[in-house]
Each structure stands twice: as C-alpha cells, then as structure tokens.
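Colleague: no FASTA, just this:
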C-alpha cells in the first residue's frame with residue numbers, strides 16, 4: 001500500500017496483490033498498470049510501500065521478493081534480494097515491510113525480525129542496523145513498520161512496541177518512552 005509521484009506528475013499507487021498503477025491526477029485515469037505476469041519484470045504483486053529517489057526511480061518494497069528499483073520512464077526493473085553468499089546484499093529474508101529514500105539518497109529498508117538495512121544508492125552498498133533488544137545503543141524494535149526522516153536528518157522508526165530515532169552521523173539511538 002503506498003503512493004509515490006514520479007517526475008512526470010503521475011501518481012503511482014500500490015495495492016497489495018494487485019501490483020502498481022500509474023494515475024494521471026488531471027484526467028483521474030489509470031494511465032499505466034504493472035502487475036505480475038510473464039510479460040514484464042514485476043516479480044510480485046505484493047508491494048507494501050514505495051519511495052522515489054533523486055533520479056526519479058521508484059523503489060518498491062515487496063512482501064516476498066526483496067526490493068525493486070523501477071524506472072517509470074523506461075519500465076525497467078532491477079531487484080535486490082537477500083543472499084547469504086553475497087557480502088553486499090540485503091540481510092534476512094526477502095520480505096520488506098517499508099522503505100524510504102532519505103535526503104542523502106539512501107534507502108532505508110524495514111526487515112521483519114532482523115532490523116533495518118540501509119542501501120546507499122549512489123555507492124551501491126548495503127549496511128545493516130541489527131535488532132538487539134539487550135544492547136543499549138542499538139535498534140531495539142523487533143519489527144519496524146514505518147520509517148520517517150525529520151528536518152534535522154534523524155531517522156525515526158516505529159513498531160508495534162515502540163518508537164526510536166536514530167542519528168546516522170553520530171550512530172546514536174534514542175528510545176522514545178510511550179508509557180508502556
């Protein structure tokens with residue numbers, strides 16, 4: 001489930017199990033529909049969220065096939081998945097809850113039970129914030145379901161059990177008390 005506007009003003013919508021749709025906000029019509037089939041490279045209709053990078057690519061968070069870079073102008077897809085045999089790949093499973101591209105063109109990837117991956121789009125490198133409930137200055141939220149960047153460049157993580165914010169420059173985590 002998600003919305004993202006491309007560089008041409010088309011609003012892309014993901015609907016779980018139905019793929020992605022490009023909607024022209026002026027005509028209020030679907031101008032492009034991309035769904036899983038043998039005729040294109042969308043490997044899954046299970047798209048949980050999407051975000052746009054500085055080059056106009058849409059990044060899709062798949063519930064079962066990792067992450068996907070989609071160029072809406074050329075309809076080209078490139079997938080990034082978890083592979084323990086490759087050092088520079090996603091961690092954990094290929095299920096992604098949420099993704100967000102920050103102002104520095106880094107993709108923040110919420111992974112169930114394993115933490116958050118960060119993909120540096122400009123340098124083609126993955127790094128990982130590992131979930132560790134016992135380590136003081138670490139990600140202590142088991143399942144991050146939403147990621148947000150504030151105007152001070154802090155990255156906020158929301159889960160069903162709490163809230164944390166993270167400073168990527170100082171590598172500092174702050175847990176926000178929720179009264180639970």
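Modeller: Right, received. Where do you want to start? Note that the structure is predicted; figures quoted are calculated from it, not measured.

Colleague: element containing the closest residue to residue 96 other than its chain neighbours?
Modeller: In space, and not counting its chain neighbours, residue 96 is closest to residue 61: 4.0 Å by CB to CB, 6 or more residues apart in numbering. For the C-beta atoms, the positions are set from N, CA and C on the backbone; glycine is no exception. For residue 61, the element it lies in under DSSP states H and E is strand 58-62.

Colleague: Tell me where this protein is predicted with low confidence.
Modeller: The chain contains residues with pLDDT under 70 at 36-40, 180.

Colleague: Just give me the residue right at the centre of it.
Modeller: residue 99 (1.5 Å; CA atoms, centre = their mean).

Colleague: Tell me the strands beside the host helix or strand of it, with direction?
Modeller: Assessed by DSSP H and E, residue 99 sits inside strand 98-101. Applying DSSP bridges to the sheet, strand 98-101 is found paired with strand 106-111 (antiparallel).

Colleague: on that earlier part again, who are the contact partners of the residue nearest to residue 96?
Modeller: Taking CB atoms under 8 Å, 6 or more residues apart in numbering, we find residue 61 in contact with 2, 47, 48, 49, 50, 67, 96, 97, 98, 99, 109, 110.

Colleague: will you turn those into TSV that also has distance to residue 132?
Modeller: Listed next are the contacts of residue 61 as TSV, based on distance: CB to CB, whole Å:
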residue	distance to residue 132
2	29
47	29
48	24
49	25
50	29
67	23
96	20
97	18
98	20
99	22
109	18
110	16
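
Colleague: Just the buried residues of those residues.
Modeller: Listed as buried from these are 2, 47, 48, 49, 50, 67, 96, 97, 98, 99, 109, 110; burial here means 16 or more other CB atoms under 10 Å.

Colleague: give me the beta-bridge partners of the last one?
Modeller: When bridges are called by DSSP bridges, residue 110 pairs up with residue 98, residue 116.

Colleague: Next: the second one.
Modeller: Beta-bridge partners of residue 47, counted by DSSP bridges, are residue 62.

Colleague: From residue 43, how far off is residue 168?
Modeller: Here the criterion is CB to CB, to the nearest Å. By it, residue 168 lies 30 Å from residue 43.

Colleague: hmm, back to that, nearest to residue 157 among the buried ones among the contacts of residue 61?
Modeller: residue 110 (7.8 Å; CB to CB).

Colleague: check contacts around the closest one.
Modeller: Counting by CB under 8 Å, 6+ apart, residue 110 touches 61, 96, 97, 98, 99, 116, 143, 144, 145, 146, 147, 157.

Colleague: Show me what counts as buried in stretch 144-154.
Modeller: Buried-residue list, stretch 144-154, by 16+ other CB under 10 Å: 144, 147, 149, 154.
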